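*Asks:* 3D, please:
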Amino acid sequence: MLQIDVVTLFPTNFYDLFQSSIIKNAQKAGSLKLNLVSLRSYGRDKHRSVDDTPYGGGAGMVLCVEPFYRCLKDVLGCDPEKKSQNQKVLMTGADGCVYNQRLALELSKEEHIVLLCGHFKGVDERVREFVDATVSIGDYVLSGGELPAMVIVDSVARLMPNAVSDFESISTDSHYEGLLGAPSYTRPAEFRGHEVPEVLLSGNHGNIEEWRFLQSVCRTAKIRPDLWQKYPLNDTQAKILMKHEMRELIEERKGDHGSDPTVK
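*Replies:* Residues are numbered from 1 along each chain as shown. Down below sits the predicted model:
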């Protein structure tokens, strides 16, 4: 079981999310335990203050180190600087490593994760002494760390056992294997002149899987060439591309491969 503790100034922001379908399923199945911890419970005075003006001047307020230390000591059950290898403390922040599916998979294998949500102008730099990594969900500024924490919880929860009834639906998600997902279709087979690709109606599962792989490759090379360049193409996959006269995708592994990312 994975336990995730979210330390935040706004625990009520998470209530609906934690009761949503997939996250709720993971909790019911016993593969995930979620706790919300109010940082204000560890405030420095009777007003439960957790922030102060920055040394050296400047605009904005900075979250203090003491509330985080006391909170982590309670949540971890020990001095934060002496936590076990099975305990990971992450902080959300614009200066962190960019979050991706690979990191989500790694976190899903942990035993205990504590997510610290930053807010205001920033967090006292000394909090980083207790943090294993700072994580960003993109190159933009948010009002606080709650939304990034929600993204992390949701992406990890869906990877937990029994969170999703059909695990195959997860294993074919975009980014799961390093490629963007293939196009999906359902009934009707024709809508306003737009038809479902014939191969998907053929019942030939080998041809369908090959088609989906080609769709994923072309879509990734077009939309996210950075991902395509890093994708570990194996010999079997290379032969499929060669069979369909897509040698340029193997040789170039970069650039624009036409205006339409879908193989006709």
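*Asks:* so for the longest helix anywhere in the chain, mean pLDDT?
*Replies:* Using DSSP state H, we find that the single longest helix of the chain is helix 205-223. For helix 205-223, the mean per-residue pLDDT is 94.
*Asks:* quick thing: my sequence starts at 725, can you match it?
*Replies:* Fine by me, first position is 725 from now on; the one you just mentioned is helix 929-947.
*Asks:* quick one: list the elements packing against that helix.
*Replies:* Helix 929-947 is packed against helix 949-954, helix 959-967, helix 971-976, with contacts defined by 3 or more Cβ pairs under 8 Å, 6 or more residues apart in numbering; DSSP states H and E. From N, CA and C alone the C-beta is placed, and that goes for glycine too.
*Asks:* closest one to residue 910 among those?
*Replies:* helix 959-967 (25.5 Å; Cβ to Cβ).
*Asks:* buried residues in the closest one?
*Replies:* Within helix 959-967, the residues that qualify as buried are 961, 964-965, counting by 16 or more other Cβ atoms under 10 Å.
*Asks:* care to break the protein down by domain?
*Replies:* Using automatic domain parsing, the domain parsing of the chain gives 726-881, 896-988.
*Asks:* ok, of those, where does mean pLDDT dip lowest?
*Replies:* Among these, domain 896-988 scores lowest, with a mean of 85.
*Asks:* for residue 810, give its distance to residue 949.
*Replies:* 38 Å (Cβ to Cβ, to the nearest Å).
*Asks:* which one's more surrounded, the two?
*Replies:* Legend: neighbour count by other Cβ atoms under 10 Å for residue 810 and residue 949, higher for residue 949 (16 against 9).
*Asks:* so how far is residue 976 from the more buried one?
*Replies:* 9 Å.
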